[in-house]
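1. Can you look at this prediction? I've put the sequence above it.
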Amino acid sequence: MNILGISGGVMAGNQDGAAAVMMDGKLIAAAEEERFVGVKFANGLLPKNATQFCLKQARLSIHDLDCIVFVGATYTNFEEILRRYFEFHFGYAPPIKLVDHHTAHAASTFYGSGWKRALIVTMDYSGDRKSTTISIGAEGRIETIEQMLKPNSLGIYYSAVTQYLGFQKDSDEYKVMGMAAYGKPIYDLSKILEVTPTGYHFHHEFIRGVASNMPAPSKQERLFDVFPLPFPARLPGSTITQTHFDLAASAQAQLENAVVQMIKHYVQKTGIDRVCLAGGVALNCLMNQKIRESGFVCELYVPPVCSDAGLALGAAYLHAAQSSERPQRLEHAYWGPEFSADEIRFVLARAGVAYREVSDPVAVAVEKILAGKIIAWFQGRTEYGPRALGNRSILANPQIAEMKDTINQKVKFREEFRPLAPAVLHAEGAHYFRGYVDSPYMTQTFVVKALAAQKAPAIVHADGTSRLQSVHASTNPLFHELITQVGRQTGVPMVLNTSLNAYNDPMACEPYQALRTFFTTGLEVLIMGNFVLEKR
Ligand SMILES: [Fe+2]
């Protein structure tokens, strides 16, 4: 069966449009719409470009699809809207099915894990009126045993704090997470996010909407109006003080307390200690570390795409499972577009830039990294998900202590408190990180050992953690070879790895996007396939 899963949409709050094509339970292609339109999160869009790419990659026409599965079970009249949309843009609309938002999140992580049995926890802002669900995955099926309805939401809680700290909700939550390392959890937020024996209760009465008849939070809210925090909300762009870092640390700690308690309760209740996470809250890699280290969880799976972009995959998985197909485990995250040498050469010629073609791009990359250069590394298929995993990456030498600040200032144009992460050979991870387990998607942090702090200071965050990527030869041989050679020459099998984009842009997907990032930032070398560009 050929299934197209899609997320995104045209309603308020719809973002993270994505498409995924699955054939007989096996994923063929998946990509986020933002990569094609060049606007982060692609708010309010259905994934037209991503769908076109997925069909092309799968060598299918729209007529070959058995079903289109969209996430939005509570949406009114949406099959009809989608039918017209596909008829208009693609000339034909296959049968359309709507599925539940959180069940699709659960499917994205449970079937992706490949586990036979797991406790599945989904947490986000909200979707189909739910904000958290607890399910059991077993024998190929997902059964939800508990759900928390909006606005009892961990996602709304964290978004509200994000707004209070002067950042954009539904976008900048990771800044709060990054700030937490610089603060102390001195504020008691238990009256806002109460930890209960079974998990949490979010006291949303502390959040006021723009008007009494409008949902909270809204852009104009004054969070904690009636809550005695000793300082007002930070205005966007104003100075960030220690008070703000302390509030971020307090909010992060309370989230961790609540989620660890919730998972402890349901692990004990069900007797299942293998846990799959999904939903936007599962992007919180510090929280994921606390879950992993809680002592209640024997194994933790966090997929490469926890956000609503992962719903495209989840929807496809769910329909495949419900159609008695066997959903196949997700083995890697490289499901987006790739470009041939001719296609890259064409773009370079059109741009009229100087370049050279080399036979061994890995050797060039290693030489430049060891010379202290910041390089853009563009190879193979684009990553599905927010993290660059060695195909659309900016790479540098983690042994140079000031490299983090240099990249944040000259290339990413972002705040100095933002950490940068390492890609490390899986076989070597345990030498450098405490409690190391395989973490191929950069979804969890680890406490660094003294050896890593000494040998690779640029990858250590202020709290002594690092959000590493485990690199395997089986899933990315070229990137594995690059890091192997770095390790051979320096004794440290690690590179600093961040996504190939600047500030608010989505990650580069196509060659022209990489060129634009290269020429408008402080990047020094760009290696696309076998082509090398260098600034004087
Ligand atoms: Fe969601």
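-> Now that the structure is in, tell me what you want to look at.
2. residue closest to the middle of this protein?
-> The residue lying closest to the centre of the chain (C-alpha atoms, centre = their mean) is residue 386, at 3.8 Å.
3. list the contacts for the closest residue to it other than its chain neighbours?
-> Nearest residue to residue 386 in three dimensions, chain neighbours excluded: residue 307, at 6.8 Å (C-beta to C-beta, 6 or more residues apart in numbering). Where C-beta positions appear, they are placed from N, C-alpha and C, glycine not excepted. Counting by C-beta atoms under 8 Å, 6 or more residues apart in numbering, residue 307 touches 16, 280, 283, 386.
4. Of those, which is the nearest to the ion?
-> Nearest to the ion out of those is residue 280 (C-beta to the ion; 5.7 Å).
5. list the contacts for the residue of the chain found nearest the ion?
-> Nearest residue of the chain to the ion, counting by C-beta to the ion: residue 124, 3.6 Å away. Shown in contact with residue 124 (C-beta under 8 Å, 6+ apart): 102, 105, 131, 132, 153, 154, 155, 279, 280, 281, 308.
6. mind running it again at 6 Å?
-> 155, 279, 280, 281 (C-beta atoms under 6 Å, 6 or more residues apart in numbering).
7. Next, see if the strand or helix carrying residue 318 gets close to the ion.
-> Element membership for residue 318, per DSSP states H and E: helix 311-322. No. Judged by C-beta under 5 Å from the ion, helix 311-322 stays clear of the ion, getting no closer than 6.6 Å.
8. Now find how far off-centre that helix is within its chain.
-> Centre-to-centre, helix 311-322 and its host chain are 19 Å apart (C-alpha atoms, centre = their mean, to the nearest Å).
9. Ok, stretch 233-245 next?
-> On the basis of C-alpha atoms, centre = their mean, stretch 233-245 sits 26 Å off its chain's mean C-alpha point.
10. same deal with stretch 412-426?
-> Mean C-alpha position of stretch 412-426 versus that of the full chain (C-alpha atoms, centre = their mean) differs by 14 Å.
11. Likewise for stretch 367-379?
-> Mean-position distance between stretch 367-379 and its chain equals 24 Å (C-alpha atoms, centre = their mean).
12. Need the distance between the two termini of that stretch.
-> 17 Å (C-alpha to C-alpha, to the nearest Å).
13. Pull the residues that contact it.
-> Counting contacts by C-beta under 6 Å, 6+ apart, the residues outside stretch 367-379 that touch it are 365, 391, 393-397, 400, 411, 478, 500, 514, 518, 523-528.
14. re the thing from before, how close does the closest residue to the residue of the chain closest to the ion other than its chain neighbours get to residue 461?
-> Excluding the flanking residues, the one nearest residue 124 by C-beta to C-beta, 6+ apart is residue 279, at 3.7 Å. Distance, residue 279 to residue 461, using C-beta to C-beta, to the nearest Å: 24 Å.
15. Tell me if I am right that residue 419 is in a helix.
-> No. Using DSSP: H, G, I helix; E, B strand; the rest coil, the assignment for residue 419 is coil, not a helix.
16. For it, give me its contacts.
-> Taking C-beta under 6 Å, 6+ apart, one finds 178, 461 in contact with residue 419.
17. Distance of it relative to residue 179?
-> 11 Å.
18. same thing with residue 60?
-> 45 Å.
19. Which positions within the host helix or strand of residue 260 qualify as buried?
-> Taking DSSP H and E as the definition, residue 260 sits inside helix 242-270. Within helix 242-270, the residues scored as buried using 16 or more other C-beta atoms under 10 Å are 243-267.
20. And for stretch 85-97?
-> Of the residues in stretch 85-97, 85, 86, 90, 93, 94, 96, 97 count as buried by neighbour count, 16+ other C-beta under 10 Å.
21. Restricting to C-alpha, output the helix or strand following the helix holding residue 318 in CSV.
-> Once helix 311-322 ends, the next helix or strand along the chain (criterion: DSSP H and E) is helix 341-351. Output of helix 341-351 as CSV, limited to C-alpha atoms (Å, rounded to 0.1, in the frame of the first residue of the first chain):
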residue,chain,number,x,y,z
ALA,A,341,27.1,16.4,-9.1
ASP,A,342,25.5,17.8,-12.2
GLU,A,343,22.8,19.5,-10.3
ILE,A,344,25.3,21.1,-7.9
ARG,A,345,27.7,22.1,-10.8
PHE,A,346,24.7,23.7,-12.5
VAL,A,347,24.0,25.9,-9.5
LEU,A,348,27.6,26.8,-9.0
ALA,A,349,28.0,27.8,-12.7
ARG,A,350,24.8,29.9,-12.6
ALA,A,351,26.1,31.7,-9.5
